[in-house]
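Participant: quick one, what's the 3D model for this:
(chains A and B)
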Amino acid sequence: MNLKAAFEGQAYVADDSLVAALQLAQSLGKPLLIEGEAGVGKTEVAKCLSTVVSAELIRLQCYEGLDAQHALYDWDYQRQLLAIQMAGSADPEALKKTLYSDDFLVKRPLLSAIASDKPVVLLIDEIDRADEEFEALLLEVLSDFQISIPELGTFTATTRPLVILTSNGVRELSDALRRRCLYHYMDYPDERRELEIVRARLPDIDLQLANQLVSVVQRLRGAAMRKAPGIAETLDWAASLMHMGINDLSNNIEQVQQSLSALVKTREDLSLLSQEGSQLIFNEPLSSAESITAGDIPKQSQATGT
Amino acid sequence: MNTPAADQDLCSRLTDFVRFLRANDMTVDPGTVLDMHSLAAIGQLTTRQRFKQSARACACRCLRDWQRFDALFDTFWQADGQPVSVSADEGDGSHTQELSMAGQQRLLGLAGTSEKQRQEEEFFGAGDFKALSLADFRFVFDARQMREIEKLVDRVARYARKRVSRREITSTRGSLINLRKSTRLSLRYSGQPVELRYRRKKPRPRRFVLLLDVSQSMDVYARLFMRFSRILMTVFQRSDAFVFNTDLSELGKGHARLSEADFERVLNELGKGWLGGTRIADSLDTFNDHHLLRCVDNKTTVVIFSDGCDTATPEELAERVAIIQRRAGKLIWVNPLLGRFEPGELDRYMDPIVPFVDRYCSAHNLDSLMILERELIA
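Facilitator: Take a look at the predicted model:
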């Protein structure tokens, strides 16, 4: 399967390096760790992959304090309690067997992915937000694709899930986890690629507007902002401008200023742009003289994603 | 299809390549080697570009590896392929050569220490750590040792996050049942313990404001403190950091992840310069006027990394510091020169300021940085 073309079909412009990493993950059956700034399209990779390979997407969103009960499995305590009461004076041994059976097992994302007999893409999102203890818990799952439940035994994956882990670099991940994964770093796209992404996601956008806004975003990423805008923000801003009926940034400065809340996400950055916005945004000619013209972009691959 | 001899040759070159990566400070484990061999066996390494991309995905573990890999790959797989040592600090090959233990000790400023200490330092492992932890940062020239120190700085900063309060809180999840709360909750279910409550350690959310002097006199310390600050900012997300020399600039979250070189470039682009002159009082004035109310409250720890050498008078500087101290929960002044000079030598700069800081300490080596970490969390 031509993975790159398939991704383009999903409006996701994947670079060759990402495609190679994904194909390796499929061939070797190893998890793929994707690192990069927030909003560059890491999570979207897993979503597109699941569509492309026609597999169910199971997502585990990580957060501080995430533990085994919320990631692997849990016992339905309330139903177990009810079953004990209903059983009355039944044989305790038989009751024990019933209580710790599949009926009372609550499968969380990791166990669901391992136990599934259909192809699955498992997305472990923002693993850097989880605690280090949770990482240790993942090691068994990621290396052997199995989960041990003391009361029931070991679940081993019949169909090995495609695992994508994403990280924003909030904290350093352990070597043990990194060793078990293939690695890909996703950076902000260059101007040409970002333009392809915008045109793929928003096919109706005016070419001049697309050129101008991409150029502004690229410039803002080099400025002293608290949070540099990601691709997601670029797309939000582009959609806002389209919604406001703006086709040329230089003729609508006031409206552009109003739309900036779609692009910058902190009070400090917004006030910086309000004060110095015109200078930051319009300090260079925004004409499309050096920019890419419609002819430069292949028709079908005017596509991508975040 | 490749002949067996060609396959054999490729395998042997792959093994050499892995050895080359390891020699250049990349951690490549046997599993990765096997992965690369299996890729070669199933014919996935069809073109040079494809081979490079696949090898990069297999061999890299972090952003630093990722950034260096292309240069290493191109160096090894050049036409006649003689492995060449490529350092992370490109362009400064003079510091990459291996040094003898005696040479390292001299560079670390440890020559002339006692025999017992020398023996301890020569002992592999703990001695190495101790040697590094005692070395004044300005004596660490070797790129590899600097990376080791950076790793230790990283560890110190992250350790700070793991500190939790002894106080426990009630939670809907956890492993230790809070019997009192659970029993009380069971009253609404006729005494049946349907809903359970648990006990958990209370995390201590911290907020730091870091003010970092990047003037010429701070030189090598500024770079390490930058790293320390960047890690603290990523670990303690509500923290803010500022850098100053002749002017104050806010270090955004995005900038917190830039490399020193990139950050230097950004500063230069802003026209602020890196390692220029110092106007601490003016910079603190800017901070007090524009950021103090927003960033600092009575639970915030403000840390100023500076040697205190200013063009303004110490009394003027003390006035600005006093304003910060009144608002902050704690004000720590970290002066790397404190551990370098004899007591009294810096007094004319710092004497008027010290009464307005809660803690005045040094951070000229890793040992003192670890003491600072305890101060930050205390």
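
Participant: hey, where'd the helices end up in the stretch 201-306 of chain A?
Facilitator: Per DSSP state H, counting those that start in this stretch, the stretch 201-306 of chain A carries helices over the ranges A:207-221, A:231-243, A:253-259, A:267-282.

Participant: scratch that, the stretch 251-378 of chain B
Facilitator: Along the stretch 251-378 of chain B, the segments classed as helices by DSSP H, counting those that start in this stretch run B:260-269, B:280-290, B:292-295, B:314-327, B:347-350, B:366-377.

Participant: between the ones you listed, which one is nearest to chain A?
Facilitator: Among those, the nearest to chain A by C-beta to the nearest C-beta is helix B:260-269 (6.7 Å). In this view, the C-beta of every residue, glycine as well, is placed from N, C-alpha and C.

Participant: report the rounded mean pLDDT for that closest one.
Facilitator: Mean pLDDT, computed over helix B:260-269, is 60.

Participant: setting aside sequence-adjacent positions, which residue approaches residue 186 most closely?
Facilitator: Because you didn't say which chain, this covers chain A. residue A:36 (3.5 Å; C-beta to C-beta, 6 or more residues apart in numbering or on different chains).

Participant: try again with chain B
Facilitator: Using C-beta to C-beta, 6+ apart, the nearest residue to residue B:186 is residue B:193, at 4.6 Å.

Participant: same question for residue B:174.
Facilitator: residue B:198 (3.1 Å).

Participant: right, and that neighbour touches residue B:170 too?
Facilitator: Yes. In this structure, residue B:198 is within contact of residue B:170 by C-beta atoms under 8 Å, at 7.2 Å.

Participant: any residues in contact with both of the two?
Facilitator: Taking C-beta atoms under 8 Å, 6 or more residues apart in numbering or on different chains as the criterion, residue B:198 and residue B:170 both touch residue B:178.

Participant: settle it for me: which of the two has more neighbours?
Facilitator: residue B:198 (17 against 13; other C-beta atoms under 10 Å in any protein chain shown).

Participant: just list whatever residues bridge to that one.
Facilitator: Legend: beta-bridge partners of residue B:198 under DSSP bridges are residue B:171, residue B:177.

Participant: centroid-nearest residue for chain A?
Facilitator: residue A:43 (1.0 Å; C-alpha atoms, centre = their mean).

Participant: could you verify that that one is part of a helix?
Facilitator: Yes. Looking at residue A:43 with DSSP: H, G, I helix; E, B strand; the rest coil, it is inside a helix.

Participant: how close does it get to chain B?
Facilitator: 19 Å (C-beta to the nearest C-beta, to the nearest Å).

Participant: where does residue A:65 land in three-state SS?
Facilitator: coil.

Participant: and what of residue A:33?
Facilitator: Reduced to three states by three-state DSSP, residue A:33 is strand.

Participant: re earlier: does the residue nearest to the centre of chain A touch residue A:123 like I think?
Facilitator: Yes. Residue A:43 is in contact with residue A:123 according to C-beta under 8 Å; the separation is 6.8 Å.

Participant: show me where the chain has strands.
Facilitator: Picking chain A for this. Per DSSP state E, chain A carries strands over the ranges A:32-36, A:56-61, A:73-75, A:105-107, A:120-125, A:146-149, A:153-156, A:162-167, A:182-186.

Participant: was after chain B, sorry
Facilitator: Taking DSSP E as the criterion, chain B carries its strands at B:164-171, B:176-177, B:198-203, B:207-213, B:240-244, B:248-251, B:300-305, B:330-334, B:359-361.

Participant: dump those strands to TSV, plus distance to residue A:74 and mean pLDDT.
Facilitator: Formatted as TSV, these follow (distance: least, C-beta to C-beta, whole Å; pLDDT from 0 to 100):
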stretch	distance to residue A:74	mean pLDDT
strand B:164-171	15	71
strand B:176-177	15	86
strand B:198-203	13	77
strand B:207-213	34	86
strand B:240-244	39	84
strand B:248-251	42	79
strand B:300-305	39	89
strand B:330-334	42	89
strand B:359-361	46	85
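
Participant: can you list those in JSON lines and add distance to residue A:86?
Facilitator: Listed next are the strands of chain B as JSON lines, based on distance: least, C-beta to C-beta, whole Å:
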{"stretch": "strand B:164-171", "distance to residue A:86": "30"}
{"stretch": "strand B:176-177", "distance to residue A:86": "24"}
{"stretch": "strand B:198-203", "distance to residue A:86": "27"}
{"stretch": "strand B:207-213", "distance to residue A:86": "52"}
{"stretch": "strand B:240-244", "distance to residue A:86": "58"}
{"stretch": "strand B:248-251", "distance to residue A:86": "62"}
{"stretch": "strand B:300-305", "distance to residue A:86": "56"}
{"stretch": "strand B:330-334", "distance to residue A:86": "58"}
{"stretch": "strand B:359-361", "distance to residue A:86": "63"}
